[in-house]
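K.L.:
Sequence below, structure please.
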Amino acid sequence: MSLYIDADACPVKEEAERVATRHKCQMFVVSNGGLRPSQNPLVENIIVDAGPDVADMWIADRCGRGDVVVTGDIPLAAKCVEAGARVLKHNGEALTAANIGNVLATRDLMTDLRAADPFRQGGGKGFTKADRSRFLEALEREMRAAARQ
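P.N.:
Residues are numbered from 1 along each chain as shown. Purely as a prediction, here's the structure:
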């Protein structure tokens, strides 16, 4: 069992490291660089080449059944679910074979709506303490489930 973190813009790296350490699980923090490396021997920082989706491809090529992936990238999540990994968004929402199709369709629809209205203002909602707490609870649950696989 390994824990993969799509680390660029990930707000829960420290929380994920604590859970991985508790489970004595290897954690891969994958990014294009610019992150402070962890001194934890269970954490391996993977720096990939700059470019679109390079970190995503690194994770997708390696994850599989019994692994847990943390990402906000929906196309990456779909690839990981297809490979048999358990996938969580940063807010603790699980992405599974049962819901990934709808999540992808919604993402595509929202992309089209944003493209159709270039004057649309605002962004996503902020990351809250409740999101962080939900993530920790969900990651613990997914790590236990992955260990049983």
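K.L.:
Could you use CA atoms for every contact and neighbour count after this?
P.N.:
OK.
K.L.:
mind checking how far residue 41 is from residue 12?
P.N.:
Here residue 41 is placed at a distance of 19 Å from residue 12 (Cα to Cα, to the nearest Å).
K.L.:
quick one, which of the two is more surrounded?
P.N.:
residue 12 (18 against 9; other Cα atoms under 10 Å).
K.L.:
Okay, the more buried one and residue 51: tell me how far apart.
P.N.:
23 Å.
K.L.:
For the top helix by length along the chain, name the packing helices and strands.
P.N.:
Longest helix in the chain, counting residues (DSSP state H): helix 129-148. In terms of contacts (3 or more Cα pairs under 8 Å, 6 or more residues apart in numbering; DSSP states H and E), helix 129-148 is packed against helix 13-22, strand 68-70, strand 86-88.
K.L.:
tell me the angle the next helix or strand after the first one makes with helix 13-22.
P.N.:
So the one you mean is helix 13-22. Note on helix 13-22: by DSSP states H and E, the next helix or strand toward the C-terminus is strand 26-31. Compare the direction of strand 26-31 with that of helix 13-22 by axes from the mean of the first three to the mean of the last three Cα atoms, to 10 degrees and you get 160 degrees.
K.L.:
From the chain's centroid, how far away is strand 26-31?
P.N.:
Distance of strand 26-31 from the chain centroid (Cα atoms, centre = their mean, to the nearest Å) equals 10 Å.
K.L.:
Can we start the residue count at 106 from this point?
P.N.:
From this message on, residue numbering opens at 106, which makes the last subject strand 131-136.
K.L.:
Buried residues in whichever helix or strand comes after that strand, which are they?
P.N.:
Counting by DSSP H and E, the next helix or strand C-terminal to strand 131-136 is strand 148-152. Across strand 148-152, burial judged by 16 or more other Cα atoms under 10 Å covers 148-152.
K.L.:
Strand 148-152 pairs with which strands?
P.N.:
The pairing partners recorded for strand 148-152 under DSSP bridges are strand 131-136 (parallel).
K.L.:
Point out where the chain drops to low pLDDT.
P.N.:
212-220, 223-229 (pLDDT under 70).
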